[in-house]
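# Predicted coordinates and the sequence they were generated for:
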Amino acid sequence: MDQDAHDRLQTEEVVAASSPALAERGTRFGADQRAQERFKSRARRARDYSTKCSPRGCALCYHPVPLNPDFTLRKTVYGAVMAKGITKRSEDYSQWYIDVVLKAEMADYSPVKGCMVIRPTGYGIWEKIQEHLDRMFKETGHVNAYFLLFIPESFLKREAEHVEGFAPECAVVTMGGGKLLEEPLVIRPTSETIIWDTYRNWINSYRDLPLLINQWANVCRWEMRTRLFLRTTEFLWQEGHTAHASHEEAEEETMKMVKVYQRFAEEFMAMPVLVGRKTEREKFAGALHTYCIEALMQDGKALQAGTSHHLGQNFAKAFDVKFQDRDEQLKHVYATSWGVSTRLIGAMIMVHSDDKGLVVPPRLSPRPVVFVPIWRGDDEMRVVLDKAREITRDWDALFYHIDARDQYKPGYKFNEWELKGVPLRIEIGPRDVQQGTVVAVRRDTGEKTSLSMDGLREQLERLLNDIQDNLFRIAKQRRDDSTFTVNSYDDYKAGIDKGGFFRVFLDHQNSEVEQRLQDDTRSTIRCIPFDASDEEGPCMITGKACRGRVIAAQSY
RNA sequence: CGGGGUGUAGCGCAGUCCGGCUAGCGCACCUGGUUUGGGACCAGGGGGUCGCCGGUUCAAAUCCGGCCACCCCGACCA
């Protein structure tokens, strides 16, 4: 079906389907004539803007009550001027971040508050993250499965701490098919409950253990304040959920996965991280303890980039998941869960990017090399493009891209690809063709080098490795330069607003200490690092003797 | 929920005080031509319920009343 016919069909169906239904619902909910008119116009607008609007599935057309009659769509920002107009980091870091996300076309605002559209440039990076992590999960014995989006409300209430932690930020579906549901369905904020309810049926014997499953999914948490990629109402993530026969084995798994995250962050994202344990206050709702990786952004704020939880027997008890052990006893299983999300994309941006735009580490780049051909007139165009195609004939198609667009001049393309963070740009013009060379330009340093066309692929791979290493080195240097060791609370208060990780003595078992820290300084204990020394000292707030320094910082 | 800001074409804005021609400008977009080693140029063209509702008026983007949305900064929070 051609697009026009498709649109016509949808229009007719939507109007036919929505108007009577709306009118009926309007009556049912006691809405007056005007509200109905408004809602019809809202549905019409939704139809106009949503070409995918299916008469059976469109949430906008089928919404039972016009929650907000003056519904308006958010403005979108794409398509206009590119790198021009990126706020400098030094001027306004938050605005810089937003500018980079929007202008590099990573994501866009959406008609729904707090939600975003992940555009191909951003989604391509998520796919690379998935590709590498998925491999690492499978290499460590995990398999993928998919559970469900909807969680019966009662499930969430089964684990006391868990429900307390998540209830306030849950979205709940109360209607389906035009009728009130028997039991409201929570849109998953995380899947422990539904998964453990399922695991009960899958686990009988110690021979069924360990059960090592991962899920790639979307989740929904109704946050008060959202930021592109860092905290959105709906986001994408992976959540691993494992079941084990013993506490020790679950602990080993929890530790193993936080280390997988560390390796991924450092080797693929070129992002150095601290690895450690969360305090009681900061741990996952329902866990015995939580391990995490913490990264430092360029503005000196910390960002939690991944977590791994030892859930003990809490969920097994709440959902009655037992197995018969070798000793013939019935025992509750031990659980872990671990996850990273599209927040990692935000981390990548804030660790590596610069005032010219995005900087993508080569290993996260969907196409790390872009050719910008240069020509004068049709003859040269043919020669240059033919040469570029000849050079790349045997290359992996996902290694490079030839930007043959004729409506932009090379200079424009240079800026555009820099804005989008492509690690390596290859300039190839008539002179190069004659000399058998190309010019390679690194995104990280801006350095230009002339390379021979012979063995170009290998030279580029070397360069990419160099860029990857360099990005990590710079990020690590910055992190180390922004990590401070202080002993007095006064010194801490004097320094904390400037950002950075602070190695301090704090009585982290006392939640009042953390509360006071937060009230005084808007900072928190990010983690109790694994590699903390045995050094002893007085808590900088209470003076109580502590062993080992913790990491405190302001955070996102 | 508090503070600040903004709603006029896809984006950025002018016009609003002091009501009045057909609502402008730059970028982007379309057509044709010339260009192309760091954001090209010329000519022509398309695109706007001025956030929404109501009021005042011969006449409202502009004045009055009400509402809504979004962004930023806080508060809150895995």
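It's in.

# Wait, residue A:518 touches residue A:524, no?
Yes: counting by CB atoms under 8 Å, residue A:518 does reach residue A:524; the two are 5.7 Å apart. Any C-beta I mention is one placed from the backbone N, CA and C, and that applies to glycine too.

# between these two, who's got more neighbours?
Per other CB atoms under 10 Å, whichever of residue A:518 and residue A:524 has more neighbours is residue A:524, with 20 against 15.

# What parts of the stretch 301-450 of chain A come near RNA strand B?
Neighbours of RNA strand B within the stretch 301-450 of chain A, by CB under 7 Å from any atom of the strand: A:304, A:341, A:343, A:374-378, A:381, A:406-412, A:414-416, A:418-419, A:427-432, A:438-439, A:441, A:446, A:448.

# and if we set it to 6 Å?
The stretch 301-450 of chain A comes close to RNA strand B at residues A:304, A:374-377, A:406, A:409-412, A:414-416, A:418, A:427, A:429-432, A:439, A:441, as judged by CB under 6 Å from any atom of the strand.

# Filter the residues you listed down to just the ones in strands.
If you go by DSSP state E, those have A:304, A:427, A:439, A:441 in strands.

# Does the residue lying closest to residue A:146 once chain neighbours are set aside lie in a helix or a strand, and which?
Sequence neighbours aside, residue A:215 is the residue nearest to residue A:146 in space, at 5.9 Å (criterion: CB to CB, 6 or more residues apart in numbering). Following DSSP states H and E, one finds residue A:215 within strand A:211-220.

# quick one: the residue nearest to residue A:362 when sequence neighbours are not counted from residue A:439, how far?
Excluding the flanking residues, the one nearest residue A:362 by CB to CB, 6+ apart is residue A:464, at 4.1 Å. Separation of residue A:464 from residue A:439 (CB to CB, to the nearest Å): 16 Å.

# Now for residue A:444: which residues touch it?
Applying CB atoms under 8 Å, 6 or more residues apart in numbering, we find residue A:444 in contact with A:352, A:359, A:423, A:467, A:470-471, A:474.

# run the last query once more with 6 Å
Residue A:444 is in contact with A:467, A:470-471, counting by CB atoms under 6 Å, 6 or more residues apart in numbering.

# So between residue A:464 and residue A:439, which is more surrounded?
residue A:464 (20 against 17).

# I'd assumed the more buried one was in a strand, is it?
No: secondary structure assignment (DSSP: H, G, I helix; E, B strand; the rest coil) places residue A:464 in helix, not in a strand.

# Quick check, it in contact with residue A:363.
No: assessed by CB atoms under 6 Å, residue A:464 is found out of contact with residue A:363, at 8.3 Å.

# Overlap of the contact sets of those two?
In contact with both residue A:464 and residue A:363: no residue, using CB under 6 Å, 6+ apart.

# For stretch A:118-127, buried residues please.
A:118-119, A:121-126 (16 or more other CB atoms under 10 Å).

# does any part of that stretch sit near RNA strand B?
No: against RNA strand B, stretch A:118-127 shows no contacts by CB under 6 Å from any atom of the strand, the least distance being 13.3 Å.

# Now tell me what touches that stretch from outside.
A:105-108, A:342, A:345, A:364, A:366, A:420.

# which residues touch residue A:479?
Per CB under 6 Å, 6+ apart, neighbours of residue A:479: A:272, A:296.

# what do you get for the one 4 residues further on?
Residues in contact with residue A:483, defined by CB under 6 Å, 6+ apart, are residue A:501.

# Kindly report the same for residue A:136.
residue A:260.

# tell me, what residue is most central in chain A?
residue A:342 (1.1 Å; CA atoms, centre = their mean).

# Apart from its chain neighbours, what residue comes closest to that residue?
In space, residue A:342 is closest to residue A:236, 4.7 Å off (CB to CB, 6+ apart).
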